[in-house]
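Q: How does the following fold in three dimensions:
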Amino acid sequence: MSYGEAIYEETFKTLDRVRETKKQQLFDYLKRMRRNADDIKSDKIMCEFFHIKNKYYQLQKLKAPSVNLSNVIEDLKKNINERYLRNYLSFYDILFVDKDGDIFYTIRKQADYHKSIFKGELAKTALSQQLKKYPHQRFVDYQYYAVSDEPSAFFVEPIFKEGQFAGWFVLQCAINKINNMFTQWEGLGATGEVFLVNKQQYMLTDSRFVGDSTILKQHLSRKNIESKFREKVGRKIVVDYRGFRALTSFEVCQIANSEWLLVAKIDEDEIITEYYKRKRNELRQQLLKRFQQQGHRYCGPMNADRTIVTVDLDEFRKVCNRELIATFGVSSCKGRIQA
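A: Numbers count the residues shown, from 1 in each chain. Here you go, the predicted structure:
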């Protein structure tokens with residue numbers, strides 16, 4: 001293996017380590033969220049409130065409840081909201097949905113409150129479609145949810161009464177915590193990043209290089225992403241969504257009934273530049289030897305101990321007569337190695 005090949009291998013190993021670290025962080029976070037969602041089905045207070053509030057909601061459709069009953073329900077709501085703050089605050093909201101799709105209670109009381117998940121605009125959501133087609137699946141992948149005006153996923157917990165299906169607890173999960181996890185770029189230099197992509201080829205986390213959010217907005221190369229989903233895990237050198245050649249380490253992660261692609265990448269130009277920085281002294285000697293072999297008429301007498309002034313590609317510098325200068329780097333516009 002040549003020194004240049006070793007630099008590439010070292011870079012791929014770094015990307016592999018970053019990918020593994022982020023995968024473990026992601027899985028640990030989702031495991032905690034899944035466990036927290038599971039807790040609600042054995043939470044007697046939450047379950048009892050579900051059944052009582054659902055009966056009260058159905059009664060309201062028929063007649064005005066008594067003042068005393070309304071006061072009791074209001075006290076129960078306060079207790080449930082406090083319980084949410086103590087035990088379920090990791091979720092953005094909790095929707096209480098009966099078997100017919102009526103959202104008879106929510107913590108935040110947004111636009112989906114007292115609506116049917118199966119009617120109107122809500123019927124177009126991924127949540128509605130999954131509850132209707134696959135009522136016992138327990139995870140709805142991230143999609144834009146207009147009610148909260150942000151990407152949301154949902155953990156779904158069916159609830160039963162005396163063995164009969166009664167509806168669902170739907171625990172809404174915002175993307176910000178996962179996004180924060182993937183916007184830490186330690187060990188990835190100036191051009192590296194790590195991000196998630198769904199099967200529709202949309203980014204699930206923000207790009208390091210785009211000012212506005214790229215979550216569910218930045219569409220990536222279908223050919224590139226589909227091939228990675230097929231291969232499951234590996235390494236590739238590709239042209240990325242910014243038009244730059246990049247080294248990538250990738251792995252498909254199984255998330256409940258969904259799959260996400262985790263990608264760690266860095267620009268190839270940065271790797272080549274790092275290669276030249278490390279090889280600078282050796283290259284200086286090669287440059288002197290080449291001058292000596294060619295007897296360059298501008299260089300005069302040459303020797304290996306003569307000082308060479310290094311000038312960056314974009315730097316202007318005045319030099320004295322017969323002073324040697326050298327530039328090492330990569331042209332960002334053409335990608336050619338210059339020396």
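
Q: Okay, now the sheet partners of whichever strand or helix holds residue 261, with direction.
A: For residue 261, the element it lies in under DSSP states H and E is strand 258-267. Here strand 258-267 is paired, per DSSP bridges, with strand 193-197 (antiparallel), strand 245-255 (antiparallel).

Q: Report the buried residues of the last one.
A: It refers to strand 245-255. By neighbour count on 16 or more other C-beta atoms under 10 Å, the buried set for strand 245-255 is 246-253, 255. The way it works is simple: take the backbone N, C-alpha and C, and place the C-beta from them, glycine included.

Q: Give me the mean pLDDT for that strand.
A: Averaging pLDDT along strand 245-255 gives 98.

Q: Could you tell me the model confidence score at residue 312?
A: pLDDT, read off for residue 312, is 64.

Q: Centre of the chain to the strand holding residue 261, how far?
A: 8 Å (C-alpha atoms, centre = their mean, to the nearest Å).

Q: try stretch 208-221
A: Mean-position distance between stretch 208-221 and its chain equals 10 Å (C-alpha atoms, centre = their mean).

Q: ok, now stretch 56-71?
A: Counting by C-alpha atoms, centre = their mean, stretch 56-71 is centred 45 Å from the centre of its parent chain.

Q: Could you do stretch 153-163 as well?
A: Centroid separation for stretch 153-163 versus its chain: 28 Å, with C-alpha atoms, centre = their mean.

Q: For the stretch 101-250 of the chain, give me the ranges with low pLDDT.
A: Counting by pLDDT under 70, the stretch 101-250 of the chain contains no low-confidence residues.

Q: Report the separation between residue 180 and residue 206.
A: When distance is defined by C-beta to C-beta, to the nearest Å, residue 180 is 9 Å away from residue 206.

Q: Just want the most central residue of the protein.
A: residue 205 (3.2 Å; C-alpha atoms, centre = their mean).

Q: if I pick that one, what's in contact with it?
A: Neighbouring residues of residue 205 by C-beta atoms under 8 Å, 6 or more residues apart in numbering: 175, 178-179, 182-183, 195-196, 214-215.

Q: out of the residues you listed, which are buried?
A: 175, 178-179, 182, 195-196, 214-215.

Q: Looking at the residues you listed, which are in helices?
A: 178-179 (DSSP state H).

Q: which one of the buried ones among the contacts of residue 205 is nearest residue 267?
A: Closest approach to residue 267 among the buried ones among the contacts of residue 205 (C-beta to C-beta): residue 195, at 14.5 Å.
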